[in-house]
Every structure is written in structure tokens, then in C-alpha cells.
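Colleague: need the 3D shape of this:
(2 chains)
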Amino acid sequence: MDNLEIAKIFYRIANILEIKNENTFKIRAYRKASEVIENLTQNINKLYEENKIKSIPGVGKGIAEKINELIETGKLKYYEDLKKEVPESLLEIMNVAEIGPKTAALLHEKLKIDSIGKLKDAVLKHKISKLPGMGEKTEKNILKGIELLKKTNQRIPLYEAMDLAEKIVAQLEKLKEVKKVSIAGSLRRMRETIGDIDILIASGSPKKVTDKFISLQFVKEVLSKGATKSSVLTNEARQVDLRIVAEESFGAALHYFTGSKEHNIKIRELGIKKGLKINEYGIFTPLDLPAKIWQVGIKNKNYDLSQYFKNKDKKCSHIKCKLRSDDMSELSLTGFKKDKRQEKMIGGEQEKDVFDSVGLPFIPVELREDRGEIEAGLENNLPKLIAIEDIRGDLHVHSNWSDGSNTVREMAQAAKSRGYEYVCICDHSKSLVVARGVKEEDFLRRVRQIREVDKKMKGIKVLVGSEVDIDFEGRLDYPEKLLKELDIVIASVHMGLKQPRKKLTKRIINAMESGLVDIIAHPTGRLLGEREAYEIDFEEIFKTAKETGVILEINSHPKRMDLNDINARAAKEKGVKLIINTDSHNTMHLDWLKFGIAVARRAWLKEEDVVNTYPLEKFLKSLKERK
DNA sequence: GCCGTTTTCGGCCCGACTGTTTTCAGTCG
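Modeller: All right, here's what the predicted structure looks like:
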């Protein structure tokens, strides 16, 4: 059982417990464990062997025992028993908008609904509106939700969402009521796929902005519309959420709306420890509490503060104070959030205010996933992330010698105009016929032609390479004699993607151990939304990459983004060198670099972790040293 | 179910919108 499989089981357990109306914190514990395991850069089986399961944050005695059981037996009795009470197909209906755990439980109990098919049937027969708490509108919304699910059950790839969001932002920027506008949510964090598009606006006239927003041309349907928050569906059936706040709250709102949810929770928990309340409107502190309250509070764990508030009416009696330490650095006020009259805002115009208030440095958006960034920040140990300007060359671009649409010269010129010091033309090898792979008889002619271009080009070094296929048995697609003519050999798998994990791993390892390969391109072969990654043993791949000095690629092609963030981070931690290439097939594709950089930043990579940040001499030297 | 810079008990983020209700539960992010 690997990390993802185990994470999935805990995720499902959380959903079942939710339907069973279990303790919400227990549910949160399972959900948290699921997320942590999914984001782990180490193989959980290895942690098991080393007896380190309990060292995983969010995993205590109970969940650790369940992980052990899963690894030892491949099964979990607790989970099997839960499934008997709540059929798994019932979890499916929670994917329908408007249906959460409570509604699912109700539908299951009263109408024996346990699938989307039966749900639709019940709607059409108007059985749902007769249930308590349900009405005609709910029934209609459920039907709409079912239809919408068919259209939007897939997350949008990052590039598609970015394109749409930028167009919407451009329209919103034109409105005179709009003071500030920003993309937020997972899109701002540059996740590889996006659920819906979040946009934040600062404005003094939220109502006017909302009205204009919902009447923009791309809007097909309004899903909800309130004073400050509205959701619409685009013509392509994509959801766009708009939130409007005052300018003074823009920073806090941007932080909150950017997330991730888990990151936000941790930040707010830090706030609580400091006696602060952090929400999307700002950072707040209790107002005008006389010093003696703190002293009283120390003696009495829970103390009714109402008598000390300005408004001494009964409505304050719900405010209780609990002091956690005598220096006032940690206290919590229960009920405080319900009484806004006593608050004092101490920040929130800038996103930085939020981090300042809890003693953190500014955390780059790509890191905000609760993958250790808060702990690292508290220790002042955040990495200085790689930036797009750090890249000095693109080592994986195609020309019209194979399936690219531009000439060598045009590709080189385009790379130069982007300020690169070097570029490597890597066309496909002979076996990849669909991509017009370069035949052996053309091989040397191509090398000579690229060398010619290099001689004539000023201001950029044009290197000769090839993207060489790894065949079904792990052999390279050209003989050694030809490969030695090249500056760079990139090896990749394009065929036999469905071979078993062991075999695929061995093929890639063979290529790395040949002594002829510099880079492994798109190591997992996935195409977002089209093709799953093929299965390989990352532990083995990283180990061999480290031993042989072969570089692993982060491919910037927006459908690939391969390695992904988690694997790239794991590779770096194992001491593997990485490279960010675009796999361009025309000059425009060179702009894809931003997606590769996004992956690298989400993987916590620094400039020195990525070899194409090196100046040309150092880059070439590093290749030679390896050989 | 997890966790602890006084805690092994008693906490656990915070708010908007909708629909069905006459004050709030459910859902969502």
C-alpha cells in the first residue's frame, strides 16, 4: 500500500464519520492525517520499516495502529465495518452541490437513497421536498447539482484556469468602483489543477461591483449572490467566486482567500495563542481590558469578563476568558467572536500584516499548503525560492527536424530574446515515428546543421541534444557512437506506459546507468486530465539518479508539470539535481517556463537545486564531471 | 482522534449565503 492509497482510505473514513454525525474533531483528525500522508515526501512503507509512523504529524496512537494494520494486512477492519453502515456509493452523492453529510444521511435514512441514480429518481418523483427541512427549491437545486456534476467533475488544468481568470480580472479592473483586484485561491498558489476560480476585490461599493460582475458577458448563471460574496457559472460551466471587501481589509482577505484552508487554520491557531482573532477582515485584539483582569484570570482558569466590558449588559456574559500563561502571550476568549463591539483592528490592509501579527516572515503563496512552511517560518528557515529570472537556459526544445514547428535558428533566436545564455535543441529519436523522430541516416547531418547555427548565432550558445526514447527493455534508441556526438542526451519513456511498475522502473534505471544519459525527461509520463502517471518506484529512481548524477526534469508543459511538486521535493531531499525545461514545440511554448517554475517553487526548490540556473561554463562543467 | 514553551484534560478557525424557518442548520470555502 502506498501513500496515496492509505491517504484515500482515511479520507473516506472521514466522510463516512461525517455522515454518521461523529465528533467533528475526530473527523478533522482523519482528514488531516489523510492530507499529511498524501503530501509526505517519504514512502510510508519505509517509515513503517523504520518504526517511525508515529512521528508523522497528525498521526497519533489510533491512526498509527490503523496504518500498521493497512501495511501489514492490506486491509483495515475499522474501515470495512464502517462501509457496512454507510455504503460507499452514498459518499458519491456528497459530490453533488448542496448535498453535505447531513442531507446525505437524511436521504439515506428516509428514502434509502445510496447513489446518484436513485437521488435523481427521488427528485423527479418529488419525494425530497416532502422531507423535513427540505423544500421545492432544494429539490430543484439538487437536480441542477446533478447535471452540473456531469459537466464539471474534472478540475481545470492550471493554464486553462489562469487564462480564464486573467480575462475576467481584466474586465473587473475596468470598473471604476474597483480599487484593487487579485486572483486568489488555489490558482494563486499555482496548484496544478484548479477546482474553481477565486477573485478578490477591494471596493467601497460592493453592491454595485456585484451587480456589474454578475452581468459580465462570460456569466451564464448566477449560483449565489450576497452583499459581499457571489458565485457564478461561466459559459464553459466553470465556477467563479467573487469576494468583495473594504480596502483596509484587502490584505487579510487576500491571505484568507488564497488559503490553503489548512494553512489558514494553522495561522489562526497561532493567532489564538497570541490572543488575536484573525479573519478575512483583519487582525483583531480585545479592547480596553484593564490589567487586573489578567491577574484575576491567572487564578481562575475560566473567568467571566462581562463586568469589565464597557457595555455591562447581560449580552456580554457569554464572553469567557481563559489565560494560558501569565505573561498574557497566550490566552483565548471563548465567545469573543460573537461580540464585535469590543474588538480593535490592528492590521489587515497588507497581507504581510497577517504574518507579522503571528511572528512569521512573509510566506510565498506557493508554499501555503501546511507542508511545513509555518514551522519553517517560525524558525526563520524558509527557503529562498527559485524565480523565473534565475533560469539561464532551456535544455529541452524541439525543432522542425522532428515534430517542432520552428527551425533551429528560430528556436535559438526566441530563446535568446528571452535572455537565455544557452539552449539545447532536442529532437525526438528514430523510434518515435508519430513525432517524426530523426532517422539514423539524418543524425549527423542534423548535428552539423545545429553546429552551423551555433557558430553564426551571437549571444547564445546553441547545444545539440536529442530526446532519446527508452525502449521496452530499457535500451536507448541510438547506438552509443551517435549519442557521443551530442552535448546533451535526454532520455524518456513514450512507449509501453502500461508495463508493470517494476519493469518501468528498471527501464528508467537502465537508461540512467548507461553512462550516456544526462537528463530523464517528464519522469512519470502523465498528461493532466488525459493520462495518469505510470507507476514507478521513486525510492529506486531517486537513489540511482543520485548515484549516477543523472538529472531529473521538471517538464513545464502545462499538461505535464512532471515531476510534480511532491515528487520534485522528495527528489531534492534525496540530493537529486533537477532541471526545469519547457519541452517547447514552437517558439511560443518557451513561455510555459512559468508552470515549471511554479512546480519548483511548490517543491521548495532553491536556485542551486536546479542546474539550468548555472552559467553556461558551470553547467557544462557539471555535466563533464559526472561523466 | 490529536496535541501540549506550565495542560495527559480540554481544547480544537472563522465567516457568508441559502432555504426553510420564525432563529437557525446546512453547506461551502
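
Colleague: tell me the mean pLDDT for the helix or strand hosting A:Leu395?
Modeller: Using DSSP states H and E, A:Leu395 sits within strand A:393-397. The pLDDT scores in strand A:393-397 average 97.

Colleague: in chain A, which residue sits closest to DNA strand B?
Modeller: A:Gly135 (1.8 Å; CB to the nearest atom of the strand). All C-beta atoms are positioned from the backbone trio N, CA, C, and that covers glycine.

Colleague: list the contacts of the nearest residue to that residue once chain neighbours are set aside.
Modeller: Using CB to CB, 6 or more residues apart in numbering and skipping residues adjacent in sequence, the residue nearest A:Gly135 is A:Ser129, 5.7 Å away. A:Ser129 makes contacts with A:135-136, A:138-139, as judged by CB atoms under 8 Å, 6 or more residues apart in numbering.

Colleague: low pLDDT regions in the stretch 51-200 of chain A?
Modeller: For the stretch 51-200 of chain A, the stretches with pLDDT under 70 are A:152-153.

Colleague: rerun at 80
Modeller: By pLDDT under 80, the weakly predicted segments of the stretch 51-200 of chain A are A:150-154.

Colleague: for it, which segments are assigned as strands?
Modeller: Taking DSSP state E, counting those that start in this stretch as the test, the strands found in the stretch 51-200 of chain A are A:156-157, A:178-184, A:193-194, A:197-203.

Colleague: ranking those strands by burial, who's on top?
Modeller: Highest mean neighbour count of those: strand A:197-203, a mean of 23 (counted as mean count of other CB atoms under 10 Å).

Colleague: in chain A, which residue is most central in space?
Modeller: Central residue check for chain A by CA atoms, centre = their mean: the C-alpha nearest the mean position is that of A:Arg191, 3.4 Å away.

Colleague: which non-adjacent residue is nearest that residue?
Modeller: Leaving out its chain neighbours, the residue that sits closest to A:Arg191 by CB to CB, 6+ apart is A:Leu158, at 6.7 Å.

Colleague: circling back: format the strands of the stretch 51-200 of chain A as CSV; extra columns: distance to A:Pro558.
Modeller: Rendered in CSV, the data for the strands of the stretch 51-200 of chain A read as follows (distance: least, CB to CB, whole Å):
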stretch, distance to A:Pro558
strand A:156-157, 6
strand A:178-184, 16
strand A:193-194, 11
strand A:197-203, 16
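
Colleague: which parts of chain A belong to which domain?
Modeller: A:3-152, A:156-245, A:256-378, A:388-626 (automatic domain parsing).

Colleague: ok, of the ones you listed, where does mean pLDDT dip lowest?
Modeller: Note on the domains of chain A: domain A:256-378 shows the lowest mean pLDDT, a mean of 66.

Colleague: what about that domain, how long is it end to end?
Modeller: One end of domain A:256-378 sits 19 Å from the other (CA to CA, to the nearest Å).

Colleague: now do stretch A:379-399
Modeller: Terminal residues of stretch A:379-399 lie 47 Å apart, using CA to CA.

Colleague: check which residues of that stretch are buried.
Modeller: Residues of stretch A:379-399 classed as buried by neighbour count (16 or more other CB atoms under 10 Å): A:382-383, A:385-386, A:390-399.

Colleague: distance between it and the chain's centre?
Modeller: Stretch A:379-399 has its average C-alpha position 18 Å from the chain's average C-alpha position, going by CA atoms, centre = their mean, to the nearest Å.

Colleague: what of stretch A:139-152?
Modeller: 26 Å.

Colleague: what helices and strands are in contact with the longest strand along chain A?
Modeller: The strand spanning the most residues in chain A, taking DSSP state E as the definition, is strand A:461-469. Using 3 or more CB pairs under 8 Å, 6 or more residues apart in numbering; DSSP states H and E, the elements in contact with strand A:461-469 are strand A:393-397, strand A:422-428, helix A:440-456, strand A:488-492.

Colleague: can you give me every residue that contacts A:Glu280?
Modeller: For A:Glu280, the contact set (CB under 8 Å, 6+ apart) comprises A:243, A:245, A:249, A:252-253, A:256-257.

Colleague: want to throw the residues you listed into JSON lines with secondary structure?
Modeller: Converted to JSON lines, the contacts of A:Glu280 look like this (DSSP: H, G, I helix; E, B strand; the rest coil):
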{"residue": "A:Arg243", "secondary structure": "strand"}
{"residue": "A:Val245", "secondary structure": "strand"}
{"residue": "A:Ser249", "secondary structure": "helix"}
{"residue": "A:Ala252", "secondary structure": "helix"}
{"residue": "A:Ala253", "secondary structure": "helix"}
{"residue": "A:Tyr256", "secondary structure": "helix"}
{"residue": "A:Phe257", "secondary structure": "helix"}
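
Colleague: residues of the stretch 451-600 of chain A that sit close to DNA strand B?
Modeller: Within reach of DNA strand B by CB under 7 Å from any atom of the strand, the stretch 451-600 of chain A has no residues at all.

Colleague: just the strands in the stretch 451-600 of chain A please.
Modeller: A:461-469, A:488-492, A:519-520, A:551-555, A:578-581.

Colleague: how about A:Ser230, secondary structure?
Modeller: strand.

Colleague: that one: neighbour count?
Modeller: Per other CB atoms under 10 Å, the neighbour tally for A:Ser230 reads 22.

Colleague: ok, A:Arg446 touching A:His428?
Modeller: No: with contact defined as CB atoms under 8 Å, A:Arg446 does not count as touching A:His428 (11.4 Å).

Colleague: what about the two, which has more around it?
Modeller: A:His428 (24 against 20).

Colleague: let me see the contact set for the more buried one.
Modeller: A:398, A:402-403, A:435-438, A:466-467, A:469.

Colleague: list buried residues within those.
Modeller: The neighbour-count test (16+ other CB under 10 Å) marks A:398, A:402, A:435-438, A:466-467, A:469 as buried among the contacts of A:His428.

Colleague: so the strand holding A:Leu395 versus strand A:422-428, what angle?
Modeller: 10 degrees (axes from the mean of the first three to the mean of the last three CA atoms, to 10 degrees).

Colleague: same for strand A:393-397, what does it pack against?
Modeller: Strand A:393-397 packs on helix A:408-417, strand A:422-428, strand A:461-469, strand A:488-492, strand A:578-581, going by 3+ CB pairs under 8 Å, 6+ apart.

Colleague: quick one: contacts of it?
Modeller: A:404, A:411, A:415, A:420-426, A:461, A:463, A:465, A:467, A:488, A:490, A:519, A:521, A:553, A:555, A:579, A:581-585, A:589-590, A:593, A:612, A:616, A:619.

Colleague: number of nearby residues for the nearest residue to A:Asn39 once chain neighbours are set aside?
Modeller: Spatial nearest neighbour of A:Asn39, chain neighbours left out: A:Arg371 (5.2 Å); criterion: CB to CB, 6+ apart. Using other CB under 10 Å, A:Arg371 has 23 other residues around it.

Colleague: what do you get for A:Tyr420?
Modeller: Using other CB under 10 Å: A:Tyr420 sits among 21 other residues.

Colleague: how about it, what does it touch?
Modeller: A:Tyr420 makes contacts with A:391-394, A:460, as judged by CB under 8 Å, 6+ apart.

Colleague: how about a cut-off of 6 Å?
Modeller: A:Tyr420 is in contact with A:Gly393, counting by CB atoms under 6 Å, 6 or more residues apart in numbering.

Colleague: separation between it and A:Ile9?
Modeller: Distance, A:Tyr420 to A:Ile9, using CB to CB, to the nearest Å: 46 Å.

Colleague: now swap in A:Lys20 and tell me
Modeller: 16 Å.

Colleague: these two: which has the busier surroundings?
Modeller: A direct count of neighbours by other CB under 10 Å for A:Lys20 and A:Ile9 places A:Ile9 higher, at 21 against 13.

Colleague: confirm that one sits in a helix?
Modeller: Yes: checked against three-state DSSP, A:Ile9 lies within a helix.

Colleague: nearest spatial neighbour of it, skipping sequence neighbours?
Modeller: Leaving out its chain neighbours, the residue that sits closest to A:Ile9 by CB to CB, 6+ apart is A:Tyr79, at 5.8 Å.

Colleague: ok, now how distant is that neighbour from A:Ala521?
Modeller: Distance from A:Tyr79 to A:Ala521, counting by CB to CB: 39 Å.
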